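Participant: build the 3D model from these lines:
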Amino acid sequence: QVQLVESGGGLVQAGDSLRLSCATSGRIFSYYRVGWFRQAPGKEREFVAAISWGGGTTYYVDSVKGRFTISRDQAENTVYLRMDSLNPEDTAVYFCAAGSSLDPTVRSSYAYWGQGTQVTVSS
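Facilitator: Next up is the predicted model:
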């Protein structure tokens, strides 16, 4: 069964850091790109970051470049999203997803989704 399970969310203050984890089944980890999306209340789900199946290529939305880092641990079948210098605008439910279509920044490129983890940044 294909599964993605997010963890690591929480309530932090502006300027703090968090590391989100996305635990995946082995089949996903070996063959799919994994991405992170987020959805704030009343807003569309937006792309945040993605990493290729081999880990050699990463993608970021402009608003998180230099603050967020995506990585994957082959041994643990886990993808991480390290988030530094958090600000209130980063408050959202964060989802990880796996897929193989060409464009890593669009929702339709991802076939499998986790349930999400809440990140709240207070000012």
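Participant: going forward, measure contacts between C-alpha atoms and count neighbours the same way
Facilitator: OK.
Participant: how long is stretch 43-57 from one end to the other?
Facilitator: Stretch 43-57 has an end-to-end distance of 28 Å (Cα to Cα, to the nearest Å).
Participant: got it, and stretch 74-86?
Facilitator: First residue to last in stretch 74-86 (Cα to Cα) measures 27 Å.
Participant: quick check: buried residues in it?
Facilitator: Buried residues in stretch 74-86, counted by 16 or more other Cα atoms under 10 Å: Asn77, Thr78, Val79, Tyr80, Leu81, Met83, Asp84, Leu86.
Participant: make CSV out of those residues and add pLDDT, secondary structure and distance to Arg38.
Facilitator: Listed next are these as CSV, based on pLDDT from 0 to 100; DSSP: H, G, I helix; E, B strand; the rest coil; distance: Cα to Cα, whole Å:
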residue, pLDDT, secondary structure, distance to Arg38
Asn77, 88, coil, 21
Thr78, 92, strand, 18
Val79, 94, strand, 15
Tyr80, 97, strand, 14
Leu81, 98, strand, 12
Met83, 98, strand, 13
Asp84, 98, coil, 16
Leu86, 98, coil, 14
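Participant: so Val106 makes contact with Phe47?
Facilitator: Yes - with contacts defined as Cα atoms under 8 Å, Val106 counts as touching Phe47 at a distance of 6.7 Å.
Participant: where does pLDDT dip in this protein?
Facilitator: 1, 26, 28-30 (pLDDT under 70).
Participant: any idea which element the most centrally placed residue in it lies in?
Facilitator: The centre of the chain sits closest to Trp36, judged by Cα atoms, centre = their mean, with a distance of 2.4 Å. Using DSSP states H and E, Trp36 falls within strand 33-39.
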